[in-house]
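1. Have a look at this prediction, sequence included:
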Number of protein chains: 2
Amino acid sequence: MSRLESLGRAARQASRQLAMLSTTAKDQALLAIASALEEHAPTLLAANQKDVAAGREKGLSSALLDRLLLNDARIAGLANDTRSVVALPDPVGVEIEGRVLPNGLRLSRRRIPIGVLGVIYEARPNVTIDVAVLALKTGNAVILRGGSETLHSNLALVRVIRQAIEEAGLPKDAVQYIEDPDRALVAELLQLDQYVDMIIPRGGASLHELCRKQSTIPVITGGIGICHIFVDQTADLERAVDIVENAKVQRPSVCNALDTLLVHHSVAKGFIPAVASRLQQSDVLLKVTPEVEEILQASGATIRRDIAGPDDFDQEWLSLTLGVRLVKDLDEAIEHIHQHSSEHSDSILTNNFEHATRFVQAINSAAVYVNASTRFTDGSQFGLGAEVAISTQKLHARGPMGLEELTTYKWIVFGQGHIRP
Amino acid sequence: MSRLESLGRAARQASRQLAMLSTTAKDQALLAIASALEEHAPTLLAANQKDVAAGREKGLSSALLDRLLLNDARIAGLANDTRSVVALPDPVGVEIEGRVLPNGLRLSRRRIPIGVLGVIYEARPNVTIDVAVLALKTGNAVILRGGSETLHSNLALVRVIRQAIEEAGLPKDAVQYIEDPDRALVAELLQLDQYVDMIIPRGGASLHELCRKQSTIPVITGGIGICHIFVDQTADLERAVDIVENAKVQRPSVCNALDTLLVHHSVAKGFIPAVASRLQQSDVLLKVTPEVEEILQASGATIRRDIAGPDDFDQEWLSLTLGVRLVKDLDEAIEHIHQHSSEHSDSILTNNFEHATRFVQAINSAAVYVNASTRFTDGSQFGLGAEVAISTQKLHARGPMGLEELTTYKWIVFGQGHIRP
């Protein structure tokens, strides 16, 4: 039995114990984690310092260094986030439906934990706490594999978690970490289908791709958002400028940020120079079709821009770049989105009821908006209380995943000696 | 673009049209299929005759030949089954939840079709109709790949379906079939993640294994049932004999049939000879532990039996074979099931409330029974109206999958110019 197999086996064992726990017992373990984080802050900061120093030596950018940094305020934040999960309702044990069949069998479906989660993530130590806490709240065991840049921080965090939950009476193997940096272990984890029930990648497109390709365990893929806003001819154009700016500029590095702006040709002459002038304030770079360029030139716009290349409408920009094109009508907008969207978040700005209805009907993205910024696709914005991941695949969960999406169900059947005729 | 890619692309295109259809339009297409099956019965029977003749030449068993046979009565059955799907409620369009967020955004989740289903199945022509009809009812396009033994029948059926739905105004590419018998096409289908949203294998363990290993598309695995009944010390032993007989004998070749019988040691002396004598009437072969053998010998039982080998409690027998062992208490029964169950269907026979409760809590199989036969794990028995597959994995769906499990959802967000602060 390989080391990973014994880790998987221990996780499965722990998950069986977790599945039997009351909400109170799980919540007490979470409170113990929160206190332990505060108590062990000096140890955590010392471990984190090693990662930061190594990162500096490796020449990581200051943005990346900031992502991996822990300080007192951030540790307090992690502890408080943990306490706020305690306040969320526990989905486990809920009866989804229950009825008596004609033959007298009493049938119900009850929410249960999924079992063992495998979570593969990149350089952010807060994910270690987030994921462990959400998994424990829903009675799941978790096997973590973080980025090498945060190894010391992650190991210290996992030690604190394991000790805290053990003292709270939970099996410490409910939370385990793959320490060995060997990348082959990721491949091995993805094939550990005997012990792991779900893989959640949290990182860029290539990580999701790797998981989808190599895993024999169901994977929640997501995280890639090629997002659209269509400005219809009846849109409130002043609000439209605000919405486009918000969707593009407020946090350009995330998956629900705007990538492509589609403008109805009949409002383009007024709208495009207005939105360009606003976006110029944030130094946005436009990738425009020749028609759009013509309008910009005619208006004397000075925003930075290029003529869009053939792939520019298939980009998740993750930066202050925006594709812009005209469409002749709603159908052309829908067709463009069907062809280029990653089915994450797409929005129509319109005051035409029929157009709004048809857009909502035709666009089957995880989140479809009318008259709002795409930036709202987010677990806390949607009121889920917590976000495990954002799914852009269609099975099990779509869009922001909360606690309920970390559960499955079983059918429970009560008979009185029933046999099938 | 390969042939399979253009097929996938056509399916995606068709799925977009299907997603916009009303229930009435979809139901009319199903009624058209039902009538067309009856109308074209002679053509279908002629095509089926080719498969039957080829099967005879290949020396297929009479059981297999019977599985692939169509006759007038079976075609009438297919037509009637199709009409009964019309009567089922359409899950598409249902709002799962809807509320207004504190910032005034109106948020809801709406059921939508999954999109394009890939279904790989073995030699039974009725699956072609079943799957196409359930997919169309839920607005999904489907790419079918049946076994080579029924190729002529399947092609004839698909031709009838395509013509019928086209006449009813649906895109005929909503139902497509991979004709080329080359097995490499299955591998290609499993990687067609750009166009196919879900793979449903319907066949034996090796097909499910292949799909899990090779697919980059989410797969619904299932179909393998290592099912247990635990006879507790307070069980009604007369009923227990009936239940065990029903679970083992009524249809031994299916996944919800009983594989292993666990008996509380304190009732073993009375119960084991009684159940053995009943099972002997159906010529069941027992695989028993030495303790069980001792009881059988002492009682003078003459049922066929072997001492169980090391793997005999990890078998899905699919035949009139049954593993039997004693356990010292409920905990040991639970432990055995945790170790050996495929998490399909497991049952406890008991009159002890605490034991029933604990078994239901501890066993996380897709279906957990108290005082009933495991044979009820079935879409029609559970009142789902239709069964697409039985899932034993934990994501998306567990146990019998009905129409609702062929849908996903999208989040719909209505704003009035909302931007994220």
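-> Sure, I can see it.
2. and residue A:323, what does it touch?
-> A:259-261, A:286-288, A:308, A:312-313, A:315, A:317 (CB atoms under 8 Å, 6 or more residues apart in numbering or on different chains). C-beta coordinates here come from the backbone N, C-alpha and C atoms, glycine included.
3. Check residue A:319 too.
-> Neighbouring residues of residue A:319 by CB under 8 Å, 6+ apart: A:252-253.
4. ok so it is a strand residue?
-> No - with DSSP: H, G, I helix; E, B strand; the rest coil as the criterion, residue A:319 is coil rather than part of a strand.
5. Okay, it and residue A:251: tell me how far apart.
-> Distance of residue A:319 to residue A:251, computed by CB to CB, to the nearest Å: 11 Å.
6. between the contacts of residue A:323, which is closest to chain B?
-> residue A:261 (15.0 Å; CB to the nearest CB).
7. Pull the residues that contact the helix or strand hosting residue A:80.
-> Per DSSP states H and E, residue A:80 falls inside helix A:72-86. Outside helix A:72-86, the residues that touch it by CB under 8 Å, 6+ apart are A:27, A:30-31, A:33-35, A:37-38, A:41, A:44-45, A:126, A:129-130, A:133-134, A:137, A:385-386.
8. Pull out the buried members of these.
-> Neighbour-count burial (16 or more other CB atoms under 10 Å in any protein chain shown) is assigned, among the contacts of helix A:72-86, to A:27, A:30, A:33-34, A:37, A:41, A:44-45, A:126, A:129-130, A:133-134, A:137, A:386.
9. hang on, isn't residue A:111 packed against residue A:96?
-> Yes - if you go by CB atoms under 8 Å, residue A:111 and residue A:96 touch, sitting 6.4 Å apart.
10. Between these two, which has more neighbouring residues?
-> The neighbour count for residue A:111 versus residue A:96, taken as other CB atoms under 10 Å in any protein chain shown, is higher for residue A:111 (19 against 12).
11. Phi first, then psi, for the more buried one.
-> With angles defined as degrees, to the nearest 10, residue A:111 sits at phi -70, psi 130.
12. what residues are up against it?
-> A:91-96, A:404, A:407-409.
13. Can you lay out the residues you listed as a markdown table showing secondary structure and pLDDT?
-> Formatted as a markdown table, those follow (DSSP: H, G, I helix; E, B strand; the rest coil; pLDDT from 0 to 100):
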| residue | secondary structure | pLDDT |
| --- | --- | --- |
| A:91 | coil | 96 |
| A:92 | coil | 97 |
| A:93 | coil | 96 |
| A:94 | coil | 96 |
| A:95 | strand | 96 |
| A:96 | strand | 93 |
| A:404 | helix | 94 |
| A:407 | strand | 97 |
| A:408 | strand | 97 |
| A:409 | strand | 97 |
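14. near chain B, which of those show up?
-> Among those, the residues that sit close to chain B (CB under 8 Å from any CB of the partner chain) are A:408-409.
15. Of the contacts of residue A:111, just the buried ones, ChimeraX syntax please.
-> Applying 16+ other CB under 10 Å to the contacts of residue A:111, the buried members can be selected in ChimeraX as follows:
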select /A:91,92,407,408,409
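16. from the contacts of residue A:111, which is closest to residue A:182?
-> Distance ranking of those against residue A:182, using CB to CB, places residue A:408 first at 31.3 Å.
17. next one: phi and psi at the nearest residue to that closest one once chain neighbours are set aside?
-> In space, and not counting its chain neighbours, residue A:408 is closest to residue B:394: 4.3 Å by CB to CB, 6 or more residues apart in numbering or on different chains. Backbone geometry at residue B:394, expressed as degrees, to the nearest 10, gives phi -110, psi -10.
18. same deal with residue A:320?
-> The phi and psi torsions at residue A:320 (degrees, to the nearest 10) take the values phi -80, psi 50.
19. That one touches residue A:281, doesn't it?
-> No - using CB under 8 Å, residue A:320 is not in contact with residue A:281; the gap is 11.1 Å.
20. between the two, who's got more neighbours?
-> residue A:320 (17 against 10).
21. Give me the pLDDT value at the more buried one.
-> Note on residue A:320: pLDDT of 97.
22. near chain B, which residues of the stretch 101-250 of chain A show up?
-> Within the stretch 101-250 of chain A, the positions near chain B by CB under 8 Å from any CB are A:101-102, A:105, A:107, A:112, A:114-115, A:193, A:197-198, A:212-213, A:216, A:218-219, A:236, A:239, A:242-243, A:245-247, A:250.
23. How is chain A partitioned into domains?
-> Per the record, chain A has its domains at A:3-221+A:396-414, A:227-376, by automatic domain parsing.
24. From one end of the shortest one to the other, what's the distance?
-> For domain A:227-376, the first-to-last residue distance is 12 Å (CA to CA, to the nearest Å).
25. Around residue A:242, how many other residues sit close by?
-> 16.
26. Identify the residue spatially nearest to residue A:135, adjacent ones excluded.
-> Distance criterion CB to CB, 6+ apart; nearest residue to residue A:135, sequence neighbours excluded, is residue A:142 at 4.1 Å.
27. hmm, who's touching the helix or strand containing that neighbour?
-> Per DSSP H and E: residue A:142 is located in strand A:141-145. Strand A:141-145 has contacts (CB under 8 Å, 6+ apart) with A:7-8, A:11-12, A:14-15, A:18, A:115-121, A:128, A:131-132, A:135-136, A:154, A:158, A:173-178, A:185-186, A:189, A:196.
28. and the stretch 251-400 of chain A, which residues reach chain B?
-> So the stretch 251-400 of chain A meets chain B at A:338, A:360-362, A:364-373, A:375-377, A:381-383, A:393-396, A:398-400 (CB under 8 Å from any CB).
29. circling back to that earlier point, run the chain-centre distance for the strand holding residue A:142.
-> How far strand A:141-145 lies from its chain's middle: 17 Å, per CA atoms, centre = their mean, to the nearest Å.
30. Ok, stretch A:50-66 next?
-> Distance of stretch A:50-66 from the chain centroid (CA atoms, centre = their mean) equals 25 Å.
31. In contact with residue A:19, which residues?
-> Counting by CB under 8 Å, 6+ apart, residue A:19 touches A:92, A:112-113, A:115, A:139, B:361-362, B:364.
32. Columns secondary structure and distance to residue B:228 on top of those, output as a markdown table?
-> Formatted as a markdown table, the contacts of residue A:19 follow (DSSP: H, G, I helix; E, B strand; the rest coil; distance: CB to CB, whole Å):
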| residue | secondary structure | distance to residue B:228 |
| --- | --- | --- |
| A:92 | coil | 24 |
| A:112 | strand | 18 |
| A:113 | strand | 21 |
| A:115 | coil | 18 |
| A:139 | coil | 23 |
| B:361 | helix | 16 |
| B:362 | helix | 13 |
| B:364 | coil | 13 |
